[in-house]
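S.K.: Sequence first, then the predicted structure, then my questions.
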Amino acid sequence: MPTPGSGRGFLWLGLVLSSVCVALGCETQANSTTDALNILLIIVDDLRPSLGCYGDKLVRSPNIDQLASHSLLFQNAFAQQAVCAPSRVSFLTGRRPDTTRLYDFNSYWRVHAGNFSTIPQYFKENGYVTMSVGKVFHPGITSNHTDDSPYSWSFPPYHPSSEKYENTKTCRGPDGELHANLLCPVDVVDVPEGTLPDKQSTEQAIQLLEKMKTSASPFFLAVGYHKPHIPFRYPKEFQKLYPLENITLAPDSEVPDGLPPVAYNPWMDIRQREDVQALNISVPYGPIPVEFQRKIRQSYFASVSYLDTQVGRLLSALDDLQLANSTIVAFTSDHGRQSMDLVELVSLFPTLAGLAGLQVPPRCPVPSFHVELCREGKNLLKHFRFRDLEEDPYLPGNPRELIAYSQYPRPADFPQWNSDKPSLKDIKIMGYSIRTIDYRYTVWVGFNPDEFLANFSDIHAGELYFVDSDPLQDHNMYNDSQGGDLFQLLMP
């Protein structure tokens with residue numbers, strides 16, 4: 001259930017997986033474009049911590065694990081909204097959804113809220129060649145159908161030609177016919193064009209790295225992978241890595257007692273897949289058959305391993321081209337949930353700028369709708385412990401003073417057909433979460449989509465979970481801690 005700050009559900013909430021300086025050169029700030037550090041930003045879609053580097057003993061992710069082994073790995077990191085388009089616009093501009101005013105898939109922030117600078121735009125304006133491959137910005141209206149070109153990129157972004165087949169009937173079912181399924185292991189030579197989007201993106205990214213090897217300018221290359229986002233369409237050989245008899249069930253697959261109905265996601269997108277429709281699961285709380293649960297988890301893990309091979313190919317090319325020693329690699333999921341200090345994905349902008357030796361954008365005033373360049377996230381350079389990099393004075397020294405904020409829109413108090421992805425005009429409730437190392441507190445309040453205003457005196461429901469005693473967030477303590485008792489409980 002993608003409640004703000006939640007750690008439950010099939011698509012868990014979260015963000016930064018790792019950020020790494022691969023080079024000794026990262027220890028000093030670059031003084032000019034001739035010795036500036038390159039940036040490789042890898043963005044994956046809907047990745048939760050099903051990785052060896054997060055302690056998962058089942059999933060095979062050797063390439064990502066190797067990257068993590070010499071990275072600064074964040075384990076308490078949060079996205080600002082667990083929906084692809086709003087999340088990507090948020091971390092690529094360094095602004096929160098209430099500033100970008102993007103909660104759905106139907107508007108472009110530059111005309112809808114403010115002409116805000118983006119991370120690649122800032123690097124481009126500072127002498128970098130900026131390039132986009134695959135799903136970086138969410139395609140469509142939210143990036144002006146151009147992936148925010150020409151603002152963010154030095155030349156038009158690349159999208160895999162096979163992308164258009166992702167949700168079509170390319171999954172061979174037990175009946176021998178092709179279906180648009182959730183679970184979709186494929187023989188790659190049999191699918192349209194004989195390839196898959198992430199394979200094409202890797203090949204294009206490697207070609208760009210080869211061209212940049214002799215460039216006089218530093219580069220900012222963003223590579224966006226589709227997997228493990230649904231549908232789970234991946235080369236079928238990866239399924240063999242995960243025999244069904246080895247697949248365990250989720251530790252808490254039941255709807256928690258005390259969960260307010262507004263916080264529950266009925267997963268209508270998943271229900272539209274043909275293999276799920278065949279199960280005739282009742283809406284909204286119908287249980288998924290146990291055997292199908294195992295198959296879902298099997299295909300998710302297989303998709304992660306497929307993704308891992310693409311990341312491995314990309315990083316190997318970086319090494320082979322002798323670019324690793326001059327390149328900062330940042331690896332992130334747009335939302336997925338990871339369980340060190342709390343950080344937010346809006347911190348990616350100032351942190352990458354600082355690591356590259358660029359001037360860190362100033363903190364945003366309130367409000368900041370007419371300020372093109374500023375950032376609402378904290379600068380995380382402190383965590384890299386580089387003596388010559390400036391620390392952010394806004395980073396508190398006490399971990400208990402750190403807070404992560406996130407939000408999620410809903411059209412109604414109870415689950416309905418558009419609960420997981422409501423359009424702006426249908427948003428009537430907004431859930432806001434505060435997360436610390438000790439607790440997660442969420443309040444669901446009335447929201448006016450015409451004025452983009454939340455009414456915190458109109459409380460529809462609340463959630464309160466304590467991390468130490470309830471790490472899976474199964475026991476909502478909100479109704480037991482109203483009034484003054486609530487604030488007393490939340491004091492460190």
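M.R.: Noted; the coordinates are in hand.
S.K.: Let me know the helix or strand that residue 132 is in.
M.R.: Using DSSP states H and E, residue 132 falls within strand 129-134.
S.K.: partners of the helix or strand encompassing residue 184 in the sheet?
M.R.: Using DSSP H and E, residue 184 sits within strand 183-186. With DSSP bridges as the test, strand 183-186 is paired with strand 232-235 (parallel).
S.K.: Which residues does the strand it pairs with contact?
M.R.: 166, 170-171, 182-188, 196, 227, 296, 299-300, 302-303, 306 (CB atoms under 8 Å, 6 or more residues apart in numbering). (Glycine included, C-beta is placed from N, CA and C.)
S.K.: quick one on the thing from earlier: from the chain's centre, how far out does the strand holding residue 184 sit?
M.R.: 23 Å (CA atoms, centre = their mean, to the nearest Å).
S.K.: list the helices and strands the strand holding residue 132 packs on?
M.R.: helix 119-125, helix 197-212, strand 219-224 (3 or more CB pairs under 8 Å, 6 or more residues apart in numbering; DSSP states H and E).
S.K.: In contact with residue 94, which residues?
M.R.: Applying CB under 8 Å, 6+ apart, the residues near residue 94 are 119, 346, 348-350, 361, 374-377.
S.K.: Out of those residues, which end up buried?
M.R.: Buried members of those, counted by 16 or more other CB atoms under 10 Å: 119, 346, 348-350, 361, 374-377.
S.K.: Point out the ones among these that are inside helices.
M.R.: 119, 348-350 (DSSP state H).
S.K.: on that earlier part again, please pick the buried ones from the contacts of strand 232-235.
M.R.: Of the contacts of strand 232-235, these count as buried by 16+ other CB under 10 Å: 166, 170-171, 182-185, 196, 227, 296, 299-300, 302-303, 306.
S.K.: Can you tell me which of these is nearest residue 420?
M.R.: Nearest to residue 420 among the buried ones among the contacts of strand 232-235 is residue 182, at 14.6 Å by CB to CB.
S.K.: ok, and the closest non-adjacent residue to the closest one?
M.R.: residue 273 (3.8 Å; CB to CB, 6 or more residues apart in numbering).
S.K.: So the one you found is in contact with residue 231, correct?
M.R.: Yes: at 6.4 Å, residue 273 counts as touching residue 231 under the criterion of CB atoms under 8 Å.
S.K.: who touches both of these two?
M.R.: With CB under 8 Å, 6+ apart, residue 273 and residue 231 have common neighbours 180-182.
S.K.: what about residue 149, how many neighbours?
M.R.: 16 (other CB atoms under 10 Å).
S.K.: and the nearest residue to it once chain neighbours are set aside, what helix or strand is that in?
M.R.: Excluding the flanking residues, the one nearest residue 149 by CB to CB, 6+ apart is residue 156, at 5.8 Å. Of the helices and strands defined by DSSP H and E, none includes residue 156.
S.K.: pull the helix or strand with minimum mean pLDDT from the protein.
M.R.: strand 16-21 (a mean of 33; mean pLDDT, DSSP states H and E).
S.K.: and the direction of the strand holding residue 132 versus that of helix 197-212, what angle?
M.R.: 160 degrees (axes from the mean of the first three to the mean of the last three CA atoms, to 10 degrees).
S.K.: pLDDT on the top helix by length along the chain, on average?
M.R.: Across the chain, the helix with the greatest residue count (assigned by DSSP H) is helix 290-320. Averaging pLDDT along helix 290-320 yields 98.
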